[in-house]
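Colleague: A structural model of the following input is requested.
(one chain, ligands or ions: 2)
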Amino acid sequence: MTILITGGAGFIGSHAVRLFVQRYPQYRIINLDALTYAGNLANLRDVEQAPNYTFVRGDIRDAALLDRLFEEYRFDAVIHLAAESHVDRSIDNPLAFVETNVLGTVNLLNAARKHWAGRFEGRRFYHISTDEVYGSLGSEGYFTEETPYDPRSPYSASKAASDHFVRAYFHTYGLPVVLSNCSNNYGPYQFPEKLIPLMINNIREGRPLPVYGDGRNVRDWLWVIDHAEAMDAILHRGRVGETYNIGGHNEWANIDLVYLLCDLADELLGRPAGTARQLITFVKDRPGHDRRYAIDASKIRRELGWQPSIAFEEGLRKTIQWYLDNTEWLQQVVSGEYRAYYEKHYEQH
Ligand code: NAD
Ligand code: TYD
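Modeller: Numbering: from 1, shown residues only. Ligands and ions are numbered 1, 2, ... in the order given. Predicted coordinates for the structure are as follows:
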């Protein structure tokens, strides 16, 4: 099997690439990534020499490139993660999200449809999406696979649009698609613009910890490697045309999560208890800030036997320790140094 993974140099994509390259030496894994600010080949140092792994720098907005790659590599499956992924950036520049998340996805669908024409058997187009497409919950209830879409940020609107196109290609052309919608991921290699690594970095440097609004917005957090495990199950055993919700059954109000992060970080840094909490600063709320996300993941558990593997406090400890041990990675990502390096060393395909 030859698998195209898009966005494999990003946070979740790098964990997916690592899992597939290491677990399936008989597969060929092609990682296509444009190396935007969020893509970083340092996330994949431990697999870059593997004989079953190939990196291609390229952009999913480039339809001609996708055509050439499908021709050259004859992919059997696509796992599509490449996206603009940060809500705050989508509020500043929605069009970038339309271009990559919507147009880029349709380009990929077109390439798969063309190159797999008449030979859909055994092939899979697996689209990775988010729980944010379902909108915002009150204090009760969960998102199921049947919850109507109600995206409210430019990011979630672009992901919702891409999900609709993927399903449309299943219904209209019979393309063998499968989708999953996952809650907030955390773990090593997450870009420090997202809540958890941003807080860890600021605690480390003694800078303010910006909590949006009243801090009572709720997110469900999942260990990123558990997401990669779910992808393995869905790619191999998910039913064509189906959607699977993935979540950690692990809801936290942002402020409670920040308290926990502060206390664990003080302990791991050997600082007096209560030091980090003093850095907490409430700041202006994010416009249109979704109040609560919560996932009902019973379908994937029932049908595919998947469930989260580690307790949250254990995962957070590992995550904090990883960021404390990898200050060079963090420094380079924050300074943008690695991007200058790529501009020099990796020409666009
Ligand atoms: P990320 O921002 O860390 O990584 C995105 C990757 O895509 C980067 O490597 C980037 O270089 C690449 N990319 C961006 N635009 C591209 C383009 N035009 N062509 C080719 N490559 C491009 O994102 P992430 O957090 O790893 O999320 C990956 C996927 O999972 C996204 O589709 C996202 O919507 C989805 N998702 C994320 C979360 C989460 O908590 N982070 C939760 C559920 C779903
Ligand atoms: P984020 O990691 O951006 O993920 P998403 O918005 O996709 O869920 O944010 C998680 C939560 O943390 C969200 O409710 C916004 C909040 N937040 C802060 O309070 N301060 C911050 O600096 C950031 C980045 C997020």
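Colleague: stretch 124-143 close to ligand 1?
Modeller: Yes. Legend: contact between stretch 124-143 and ligand 1 by C-beta under 6 Å from any ligand atom is shown at 128, 130. Where you see a C-beta, it was placed from the backbone N, CA and C, and this is true even at glycine.
Colleague: pretty sure residue 88 sits in a strand.
Modeller: No. Residue 88 is assigned helix when assessed by DSSP: H, G, I helix; E, B strand; the rest coil, not a strand.
Colleague: which residues touch the residue in the chain positioned nearest to ligand 1?
Modeller: Closest to ligand 1 within the chain is residue 10: 2.0 Å, counting by C-beta to the nearest ligand atom. Shown in contact with residue 10 (C-beta atoms under 8 Å, 6 or more residues apart in numbering): 33, 38-40, 43, 81-82, 85, 191.
Colleague: including distance to residue 261 and secondary structure, could those residues go into a markdown table?
Modeller: Below are the contacts of residue 10 laid out as a markdown table (distance: C-beta to C-beta, whole Å; DSSP: H, G, I helix; E, B strand; the rest coil):
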| residue | distance to residue 261 | secondary structure |
| --- | --- | --- |
| 33 | 29 | strand |
| 38 | 22 | coil |
| 39 | 26 | coil |
| 40 | 23 | coil |
| 43 | 22 | helix |
| 81 | 26 | coil |
| 82 | 29 | coil |
| 85 | 21 | coil |
| 191 | 17 | coil |
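Colleague: just the closest of those to ligand 2, please.
Modeller: Among these, and counting by C-beta to the nearest ligand atom, the member closest to ligand 2 is residue 85, at 7.8 Å.
Colleague: show me what stretch 87-103 is in contact with.
Modeller: Stretch 87-103 is contacted by residues 60-61, 82-84, 132, 153-159, 161-162, 165, 193, 286-288 when judged by C-beta under 8 Å, 6+ apart.
Colleague: and if we set it to 7 Å?
Modeller: Residues outside stretch 87-103 that contact it (C-beta atoms under 7 Å, 6 or more residues apart in numbering): 60-61, 82-84, 153-155, 158-159, 161-162, 286-287.
Colleague: which PyMOL command selects the buried ones in those?
Modeller: Buried subset of those, written as a PyMOL selection, criterion 16 or more other C-beta atoms under 10 Å:
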select buried, resi 60+82+83+84+153+154+155+158+159+161+162
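Colleague: still on that earlier bit, dump the contacts of residue 10 to CSV, plus pLDDT.
Modeller: Formatted as CSV, those follow (pLDDT from 0 to 100):
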residue, pLDDT
33, 98
38, 96
39, 96
40, 95
43, 97
81, 99
82, 99
85, 98
191, 96
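Colleague: hmm, stretch 239-253 in reach of ligand 1?
Modeller: No. Using C-beta under 6 Å from any ligand atom, stretch 239-253 stays clear of ligand 1, with a minimum separation of 8.0 Å.
Colleague: give the buried residues for that stretch.
Modeller: 242-252.
Colleague: over to stretch 15-34?
Modeller: Here stretch 15-34 shows 15-21, 28-34 as buried, counting by 16+ other C-beta under 10 Å.
Colleague: any chance you could map the helices in the stretch 1-150 of the chain?
Modeller: Ranges of helices within the stretch 1-150 of the chain are 11-23, 63-73, 87-92, 94-97, 105-115, based on DSSP state H, counting those that start in this stretch.
Colleague: tabulate the ones you listed in CSV, adding columns for distance to ligand 2.
Modeller: Below are these laid out as CSV (distance: least, C-beta to the nearest ligand atom, whole Å):
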stretch, distance to ligand 2
helix 11-23, 11
helix 63-73, 27
helix 87-92, 4
helix 94-97, 13
helix 105-115, 18
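Colleague: just say which of those is most tucked in.
Modeller: helix 11-23 (a mean of 23; mean count of other C-beta atoms under 10 Å).
Colleague: helices and strands around that one, which ones?
Modeller: The helices and strands touching helix 11-23, judged by 3 or more C-beta pairs under 7 Å, 6 or more residues apart in numbering; DSSP states H and E, are strand 2-6, strand 28-33, helix 224-237.
Colleague: and the buried residues of stretch 239-253, which two are the farthest apart?
Modeller: 242 and 252 (28.8 Å; C-beta to C-beta).
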